[in-house]
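**Student:** show me how the following folds:
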Amino acid sequence: MKKMEPEFQIYECSNPACRFRCPTNLSERTLECCPLCGGTLLPQGKPFSNQKRHSDAEAARGHLEVLLDNLRSTLNVGSIFRTADGAGVDHIYCCGTTPTPLHPKIAKTGLGAEGFTPWSYRPNALDLVRQRKQAGVQVIALEAAETAEPLLSLPPMTGGTPALLVVGNEVSGIDPEILAAADHLLFIPMRGQKSSLNVAVAFGIAIYTLQE
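**Tutor:** Below you'll find the model as predicted:
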């Protein structure tokens, strides 16, 4: 049975000096008072759904796993789980201090996606990396290390050898011994003043780039 998408309605403030405009959300199906000026909000146009397009065919790619090495933010982990589901990740390893989907705050950004991607917890990320390498999995570490190569330098993963993408702690990055054990060190070029991106944002860029 096809899942019904929720409907939303655009409302606009009737005050010509304000004209605040916004949609309803899942908790408020109608709006009456403008939050900016207190004027009356009036519905505009017809109700609509935000139905998303889904791919009908499975993209040709190899087995892809993700290792979260000592992350500290439940919001980052929830966001990564949501992106991982969209990218078709096969398994996520939460290692060390990384919060798992059992933490109630992860649902805030995961929006239910944390229930779709298989995951497990491992206390030692380095042990896991060594085990996966012995199993024939290539390890790709996303880190702006001195010896790292640009993200686009690695050919897209369209099948063949399974891979494990490692992202690290928001402040200290990936464990140095994991970097030493990795088959590939990749970084996202930064053209501004900051030297790195939020880990969940960087993960999203990397996971899709590696599959293009």
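**Student:** worst mean pLDDT across the helices and strands of this protein, which element?
**Tutor:** helix 106-110 (a mean of 59; mean pLDDT, DSSP states H and E).
**Student:** what's the domain layout of this structure?
**Tutor:** 7-49, 64-209 (automatic domain parsing).
**Student:** for the spatially closest residue to Thr161 that is not a sequence neighbour, give me its contacts.
**Tutor:** Using C-beta to C-beta, 6 or more residues apart in numbering and skipping residues adjacent in sequence, the residue nearest Thr161 is Gln138, 5.2 Å away. The way it works is simple: take the backbone N, C-alpha and C, and place the C-beta from them, glycine included. By C-beta atoms under 8 Å, 6 or more residues apart in numbering, the contact set of Gln138 is Thr161, Pro162, Ala163, Leu164, Asp183, His184.
**Student:** ok, now which ones touch the last one?
**Tutor:** Counting by C-beta under 8 Å, 6+ apart, His184 touches Gln138, Val139, Ile140, Ala141, Glu149, Leu154.
**Student:** pLDDT score assigned to it?
**Tutor:** On pLDDT, His184 comes in at 94.
**Student:** tell me which element Gly204 falls in.
**Tutor:** Using DSSP states H and E, Gly204 sits within helix 199-209.
**Student:** for that helix, packing partners?
**Tutor:** strand 64-69, helix 74-87, strand 138-142, strand 163-168 (3 or more C-beta pairs under 8 Å, 6 or more residues apart in numbering; DSSP states H and E).
**Student:** going by mean pLDDT, which of the domains of the chain comes out lowest?
**Tutor:** domain 64-209 has the lowest average pLDDT among those, namely a mean of 88.
**Student:** quick one: that domain to chain centroid distance?
**Tutor:** 10 Å (C-alpha atoms, centre = their mean, to the nearest Å).
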